[in-house]
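# Quick one: sequence and predicted model below, then my questions.
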Amino acid sequence: MSVENLKYLLVGVLVFGYMLRKTMGYLNVKNPVPAIPDTLSEYLSEAKLQEAKAYQQENFRFRFIAGTFSFLFTFLFITQGWFGVLDAWVADFGFSPLIKSLVFFGIVFVGSDILSLPFDYYSTFVIEEKYGFNKTSIKTFFSDKIKGYVLSILVGGGLLMVFLWLIHRMGQDFWWQFWIVAAVFMVGINLFYTGLILPLFNKLTPLEDGELKQKIVQYAHSVGFPLENILVMDGSKRSAKANAFFSGFGKRKKVVLYDTLLEQHPPDELVAVLAHEVGHYKKKHIVWSMVLSVMQVGVMLYLLGQFIFSENMSLALGGNAWSAELNIIGFTMLFAPLSMVVGIGMNWLSRKNEFEADAFAKETFAGKPLAEALKTLSVKTLSTINPHPWYVFVNYSHPPLLERLEKLEN
Ligand SMILES: [Zn+2]
């Protein structure tokens, strides 16, 4: 493809993605709110429903502004050839090709992080604060930023270095070599996330002995689920929103419950939430989603390998010669529509898995407490009860509340 046409294609893909996302968001926020369904009548008041609507609208406006800002910025960078200008500027320092690529990505990373900082700040300290979700102090906010930076440099930078080194040294073969590295990394993160990374940001303490622990252990035993540890995480340090998750494979499985979840739900509901999570394991969802993610990365690397060594993409982005980093940037942008299609497929699968995990919890424990837990969670987080079907199709990894309730309560 000619340089000129590539440039048009990049702009076209960018504009298309932006318009599609904004249209979906608009349809979703404009979807009329129905009367409160019977099943939620004890949980959801008219006032709460209006509050949820206001929260949704405020978030929509915020994402519209943030997304438009980022769109315009990228648009200018492509049409004005600024990526090429930046690359030429870095090249003037006379680094080796590997270091040049690293410095380029370092600048892009820091630059985009600085630009998004005011938006993160506003979202946390203005919107979340207004609706009572924010529990983050300014100090935690910035110390999170710094820790995030250090992790990005050590982990992200290390991976990027291996990736770029393979591209510069191994030529065409880089794609499957890095694929192996990436696969090992992805499995490793899953194994060590709770043990190594999470403690940098949160305090994890073993769940105290008592009724809840007894019930959890009893349930896990009844379905033959080996549980290494039940941990409580101080999620309340940052947000009032609650969550629970598992991590690890094989015999080293840990379950993490947010302290905010423990506060809001009686033991039966908590066991039901756990039963749902156990369902994901028992139905092999975790393993399959890992396999699919690894395959996805493989396909992406293979496609990247098909054109990373051609010069035209670098020229289309304003460079004056072949440049690995410019081609990677260009590829990431061109890959966006395909990645969206893959994302829709993954979300579809994920929604199907959620129903299966719900059914597992209903079968091995009970449906009612899970339904009640979902109602409380949904009402407390001001979630919408009437998302637009197209928005759900594209963006939802979990089925809408009412659909889940229907299956759990019947
Ligand atoms: Zn689930």
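Ah, there it is. Residues are numbered from 1 along each chain as shown.
# measure the residue in the stretch 1-150 of the chain that the ion sits nearest to to Val379 for me?
Distance from the ion to each residue of the stretch 1-150 of the chain (CB to the ion) is smallest for Thr39, at 19.8 Å. No exception for glycine: its C-beta is placed from N, CA and C like everyone else's. Distance of Thr39 to Val379, given as CB to CB, to the nearest Å: 12 Å.
# neighbour-wise, which of the two wins?
Val379 (19 against 16; other CB atoms under 10 Å).
# Spell out the secondary structure type for Leu231.
strand (DSSP: H, G, I helix; E, B strand; the rest coil).
# Now for it, how many residues are close by?
Leu231, neighbours per other CB under 10 Å, totals 19.
# May I ask you to confirm that it is in contact with Lys253?
No. Assessed by CB atoms under 8 Å, Leu231 is found out of contact with Lys253, at 11.3 Å.
# All the strands of the protein, in order from the start?
Counting by DSSP state E, the chain has strands at residues 204-206, 229-233, 244-247, 254-258.
# Name the helix or strand of the chain that has the lowest mean pLDDT.
strand 244-247 (a mean of 80; mean pLDDT, DSSP states H and E).
# ok, back up a step: which one of the strands of the chain lies nearest to the ion?
Closest to the ion of the strands of the chain is strand 244-247 (CB to the ion; 9.1 Å).
# Partner strands of that closest one, with direction?
Here strand 244-247 has these sheet partners by DSSP bridges: strand 254-258 (antiparallel).
# near the ion at all, the strand it pairs with?
No. Judged by CB under 5 Å from the ion, strand 254-258 and the ion are separated, with a smallest distance of 13.0 Å.
# How about residues contacting that strand?
194-195, 198, 204, 207, 216, 227-233, 235-236, 242-248, 270, 274, 277 (CB atoms under 8 Å, 6 or more residues apart in numbering).
# Quick one: buried ones out of those residues?
By neighbour count, with 16 or more other CB atoms under 10 Å, the contacts of strand 254-258 hold 194, 198, 207, 216, 227, 230-233, 235-236, 242, 244, 246-248, 270, 274, 277 as buried.
# Can you pull the phi/psi pair for the spatially most distant residue from the centre of the chain?
Distance from the C-alpha centroid of the chain, by CA atoms, centre = their mean, peaks at Gly94 (37.3 Å). When read as degrees, to the nearest 10, the backbone of Gly94 gives phi 70, psi 30.
# Phe93 now?
Torsion angles, degrees, to the nearest 10, at Phe93: phi -70, psi -10.
# do you know how far it is from Ile329?
To Ile329, Phe93 is 19 Å away according to CB to CB.
# ok, the two, which is more surrounded?
Between Phe93 and Ile329, counting by other CB under 10 Å, Ile329 is the more crowded of the two (25 against 9).
# what's that one in contact with, if anything?
83, 108, 317 are the contacts of Ile329 under CB under 8 Å, 6+ apart.
# what residues are up against the closest residue to Thr194 other than its chain neighbours?
Nearest residue to Thr194, sequence neighbours excluded (CB to CB, 6 or more residues apart in numbering): Ser247, at 4.2 Å. Contacts here follow CB under 8 Å, 6+ apart; on that basis Ser247 touches 190-191, 193-194, 253-254, 256.
# what does Trp348 give?
So Trp348 contacts Phe393 (CB under 8 Å, 6+ apart).
# what about it, distance to Glu311?
In this view, Trp348 and Glu311 are 38 Å apart by CB to CB.
# Next: Pro337.
23 Å.
# Could you identify which of the strands of the chain has the lowest mean pLDDT?
Here these differ in mean pLDDT, and the lowest is strand 244-247 at a mean of 80.
# and it, anywhere near the ion?
No. Figure legend: strand 244-247 not in contact with the ion (CB under 5 Å from the ion); closest approach 9.1 Å.
# now that strand: how far from the chain's centre is it?
Strand 244-247 has its C-alpha centroid displaced from the chain centroid by 15 Å (CA atoms, centre = their mean, to the nearest Å).
# Ok, stretch 126-142 next?
20 Å.
# Could you check that stretch and say which residues are buried?
127-128, 131, 133-136, 141.
# Put together TSV for these, with pLDDT and distance to the ion on each row.
TSV is the format used below for the buried residues of stretch 126-142 (pLDDT from 0 to 100; distance: CB to the ion, whole Å):
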residue	pLDDT	distance to the ion
Ile127	95	26
Glu128	95	24
Tyr131	94	25
Phe133	94	21
Asn134	94	25
Lys135	93	24
Thr136	92	26
Phe141	95	29
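# Now for the residues you listed: which two are most distant?
Tyr131 and Phe141 (17.3 Å; CB to CB).
# before we move on, the earlier item: any chance of the strands of the chain in a markdown table, with distance to Lys48 too?
Below are the strands of the chain laid out as a markdown table (distance: least, CB to CB, whole Å):
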| stretch | distance to Lys48 |
| --- | --- |
| strand 204-206 | 32 |
| strand 229-233 | 27 |
| strand 244-247 | 23 |
| strand 254-258 | 21 |
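# Which among those is found nearest to Phe360?
Closest among those, once you apply CB to CB, is strand 244-247, at 13.5 Å.
# Show me which residues of this structure are close to the ion?
354, 357.
# for the chain, which spans come out with low pLDDT?
248-252 (pLDDT under 70).
# make it 50
Of all residues in the chain, none has pLDDT under 50.
# Go through it and flag its longest helix.
Counting residues, the longest helix found in the chain (DSSP state H) is helix 324-364.
# Pull the distance from that one to the chain's centre.
Worked out by CA atoms, centre = their mean, helix 324-364 lies 10 Å from the chain centre.
# now swap in stretch 137-156 and tell me
What separates the centre of stretch 137-156 from the centre of its chain is 17 Å, taken as CA atoms, centre = their mean.
# With only the CA atoms kept, save it in CSV.
As requested, the backbone C-alpha atoms of stretch 137-156 are provided in CSV (Å, rounded to 0.1, in the frame of the first residue of the first chain):
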residue,chain,number,x,y,z
SER,A,137,-6.5,10.2,49.6
ILE,A,138,-4.4,12.5,47.5
LYS,A,139,-1.3,10.8,49.0
THR,A,140,-2.5,7.3,48.0
PHE,A,141,-3.4,8.6,44.5
PHE,A,142,0.1,9.9,43.9
SER,A,143,1.9,7.0,45.6
ASP,A,144,-0.1,4.6,43.4
LYS,A,145,1.1,6.7,40.4
ILE,A,146,4.8,6.4,41.5
LYS,A,147,4.5,2.7,42.2
GLY,A,148,2.8,2.2,38.9
TYR,A,149,5.7,4.0,37.2
VAL,A,150,8.3,1.9,38.9
LEU,A,151,6.4,-1.3,37.9
SER,A,152,6.0,-0.1,34.4
ILE,A,153,9.7,0.6,34.0
LEU,A,154,10.8,-2.7,35.6
VAL,A,155,8.2,-5.1,34.2
GLY,A,156,6.9,-3.3,31.1
